[in-house]
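> Take a look and give me a structure for this.
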Amino acid sequence: MAKGLRIAFMTIICLMVPAVTQGQVESLTVTVDGLACPFCAYGIEKKLKKVAGVKAVTVSMQKGTVSLTAKARQSINYSQIPAAVLDSGFTPRTMRVVVSGTVTPDEKQNLHLQWDSKSLMLNAVEGDIRERLLSLAGTGGAVKVHGIIREKGAATWTLATETVEEVRQ
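Numbers count the residues shown, from 1 in each chain. So this is what the prediction gives:
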């Protein structure tokens, strides 16, 4: 097959694959201490809209949460959230995310959720959920994981898995 024809064929195949196989942080909700007034809500909303990949920000003063949704085919840069919240004068607490990607085990059988060039170690994965994820690992099957994301150390993040759903393509 000629080189040009191979490139065209691969381009068509890549365009036919749904975006979810690339994975992304689809949404993120952060609990924030100190949200007490509309001016506070406006300030934090303005800061968080500058985070890479963020399409929309919704602030709930009653719940003390800020919810972010991702731009189409982009991922929210979760590592920028704590600093953005602090810069707006508040304290970030729990960050809940919905992340899609593929599962891979490492040499110690720890499970990782991968998308693009990013990876999160999955924590609190036990029983049937662990077995299902292990069966999907390496197959390229996409999953959507709901859970709590935490910074474990310098630039190392983990995802405490709450629910997992297989994404049918």
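> Compute the first-to-last residue distance for stretch 68-88.
Terminal residues of stretch 68-88 lie 16 Å apart, using C-alpha to C-alpha, to the nearest Å.
> Please name the residues that touch the residue positioned nearest the centre of the chain.
The centre of the chain sits closest to residue 25, judged by C-alpha atoms, centre = their mean, with a distance of 2.4 Å. Contact partners of residue 25, counting by C-beta atoms under 8 Å, 6 or more residues apart in numbering, are 53, 70, 75, 76, 77, 78, 97, 98, 99. Every C-beta, even on glycine, is put in place using the N, C-alpha and C of the backbone.
> got it, and residue 141?
102, 103, 166, 167.
> export these to CSV and tack on secondary structure, neighbour count and pLDDT?
Formatted as CSV, those follow (DSSP: H, G, I helix; E, B strand; the rest coil; neighbours: other C-beta atoms under 10 Å; pLDDT from 0 to 100):
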residue, secondary structure, neighbour count, pLDDT
102, strand, 21, 92
103, strand, 24, 91
166, strand, 13, 84
167, coil, 16, 84
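> Quick one: those residues as CSV, columns for distance to residue 114 too.
Shown next, in CSV, are the contacts of residue 141 (distance: C-beta to C-beta, whole Å):
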residue, distance to residue 114
102, 6
103, 8
166, 16
167, 14
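> Past the helix or strand of the chain with the lowest mean pLDDT, which element shows up next along the chain?
Least confident helix or strand, the chain: helix 3-16 with a mean of 38, by mean pLDDT, DSSP states H and E. In the C-terminal direction, the helix or strand that comes right after helix 3-16 (DSSP states H and E) is strand 24-33.
> buried stuff in that next one?
Residues of strand 24-33 classed as buried: 24, 25, 26, 27, 28, 29, 30, 31, 32 (neighbour count, 16 or more other C-beta atoms under 10 Å).
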